[in-house]
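> Predicted model follows, preceded by the sequence.
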Amino acid sequence: MPSSGGKFIDLHLHTSFSDGTLAPEELTSLAVASGLSAIAVTDHDTVEGISRSIESARQANIEVVPGIELSAEYDGREVHILGYLIDYENKNLLKQLDILRENRIKRIYEMVEKLNGLGLRLSPEDIFAVSIGSVVGRLHLAQAMVRRGLVNSLQEAFQKYIGDNCPAYVLGFKFSPKEAIRLIKETGGVPVLAHPYTLNNDAVLLKLIEDGLMGLEAYYPEHSQAMTNFYLNLARENNLLVSGGSDFHGNGKPVVKMGCMKVPYCLLDTLRKAQKKL
């Protein structure tokens, strides 16, 4: 890992505006307590938590990078593209996010229908009651399942019912990675592939690079050292940027701690230099 200069960052954090459990102000306070110098707010398919995060960061003396994690689908699989240093007030971006929000709501209805077909009685309203923000996702669904006593844990919900390729899983994102990459660049942002190990397909990864992907999230809690080395080498060979973060969700994923990756600050400097060249 590059030298940190004593400063560390976390470029993958979620607030209560998507499927995190902390409000923006709580997120920035925890970042300070965790000894971080900068964070990126990268909520799923929404930018509503960014302005409050930036405002609270001014008082907390910490940098906030405006970001997003866009949901896309390719060849029957879910692909997440992180966007860093975006113009989060861009009108076209907000329009596209409205579409994604509606897709997510429709997806919940379809997944609930599948669960009901499996004998698990749940209503869409049960999930919406768990979702604090405007964007609803599988983590909210899993939380609702736990509340109703349908499963004993979030992990069980994903492993048995709503994880990728499970009986109640629905893909449901009418957005391609190429479109996500283009949208991020149109807002002046830098598109980076989130948790690349989930692709499990190097051919798809190379296709994303052809489509304009600028970086890989090489430093990620679920990457083994061998995986991290692989993605660092791949980034080097393809002249890609490198990012890293915890994918912190608060109590939604209590095992994952903010700042657990010790990502060096210099990676943020590199992202900023690349963004200025767009």
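Now that the structure is in, tell me what you want to look at.

> Could you report the neighbour count for residue 45?
26 (other C-beta atoms under 10 Å). Using the backbone N, CA and C atoms, a C-beta is placed for each residue, glycine as well.

> Name the nearest residue to it, sequence neighbours excluded.
Nearest-residue entry for residue 45: residue 100, 4.3 Å, with adjacent residues in sequence omitted and distances by C-beta to C-beta, 6 or more residues apart in numbering.

> ok, and for whichever strand or helix holds that neighbour, which residues are buried?
Applying DSSP states H and E as the criterion places residue 100 in helix 91-117. Neighbour counts over helix 91-117 (16 or more other C-beta atoms under 10 Å) mark 93, 96-97, 100-101, 104-105, 107-108, 111-112, 114-115 as buried.

> Would you format those as JSON lines with distance to residue 50 and pLDDT included?
Shown next, in JSON lines, are those (distance: C-beta to C-beta, whole Å; pLDDT from 0 to 100):
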{"residue": "93", "distance to residue 50": "11", "pLDDT": "97"}
{"residue": "96", "distance to residue 50": "16", "pLDDT": "95"}
{"residue": "97", "distance to residue 50": "12", "pLDDT": "95"}
{"residue": "100", "distance to residue 50": "16", "pLDDT": "91"}
{"residue": "101", "distance to residue 50": "16", "pLDDT": "92"}
{"residue": "104", "distance to residue 50": "19", "pLDDT": "92"}
{"residue": "105", "distance to residue 50": "22", "pLDDT": "93"}
{"residue": "107", "distance to residue 50": "24", "pLDDT": "94"}
{"residue": "108", "distance to residue 50": "24", "pLDDT": "96"}
{"residue": "111", "distance to residue 50": "28", "pLDDT": "97"}
{"residue": "112", "distance to residue 50": "30", "pLDDT": "97"}
{"residue": "114", "distance to residue 50": "33", "pLDDT": "97"}
{"residue": "115", "distance to residue 50": "33", "pLDDT": "97"}
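
> which of these lies closest to residue 230?
The closest of the buried residues of helix 91-117 to residue 230 turns out to be residue 100 (C-beta to C-beta; 30.3 Å).

> so that closest one makes contact with residue 179?
No. Residue 100 is not in contact with residue 179 according to C-beta atoms under 8 Å; the separation is 10.7 Å.

> Packing partners of the longest strand along the chain?
Looking across the chain with DSSP state E, the single longest strand is strand 63-74. Under the contact definition 3 or more C-beta pairs under 8 Å, 6 or more residues apart in numbering; DSSP states H and E, strand 63-74 sits against strand 8-13, strand 38-41, helix 50-60, strand 77-84, helix 91-117, helix 177-186, helix 266-276.

> Quick one, which of these gets closest to residue 2.
Nearest to residue 2, of all the helices and strands packed on strand 63-74, is helix 266-276, at 5.2 Å by C-beta to C-beta.

> Now do the same for residue 3: its pLDDT.
With respect to pLDDT, residue 3 scores 58.

> now the one 4 residues further on
At residue 7, the pLDDT value in this model is 94.

> The one 10 residues further on now?
If you check residue 17, the pLDDT there is 94.

> about what we covered before: got the angle between the longest strand of the chain and helix 177-186?
150 degrees (axes from the mean of the first three to the mean of the last three C-alpha atoms, to 10 degrees).

> distance between strand 63-74 and the chain's centre?
Relative to the chain's own centre, strand 63-74 is displaced by 6 Å; criterion: C-alpha atoms, centre = their mean, to the nearest Å.

> Next: stretch 132-146.
15 Å.

> same check, this time on stretch 222-237
Counting by C-alpha atoms, centre = their mean, stretch 222-237 comes out at 19 Å from the chain centroid.

> give the contact list for the closest residue to residue 133 other than its chain neighbours.
What sits nearest to residue 133 in space, not counting adjacent residues and going by C-beta to C-beta, 6+ apart, is residue 17, at 3.8 Å. By C-beta atoms under 8 Å, 6 or more residues apart in numbering, residue 17 lies in contact with 24, 43, 46, 48, 49, 132, 133, 134, 135.

> right, and the secondary structure at the fourth one would be what?
Three-state assignment for residue 48 (DSSP: H, G, I helix; E, B strand; the rest coil): coil.

> any idea how far residue 224 is from it?
34 Å (C-beta to C-beta, to the nearest Å).
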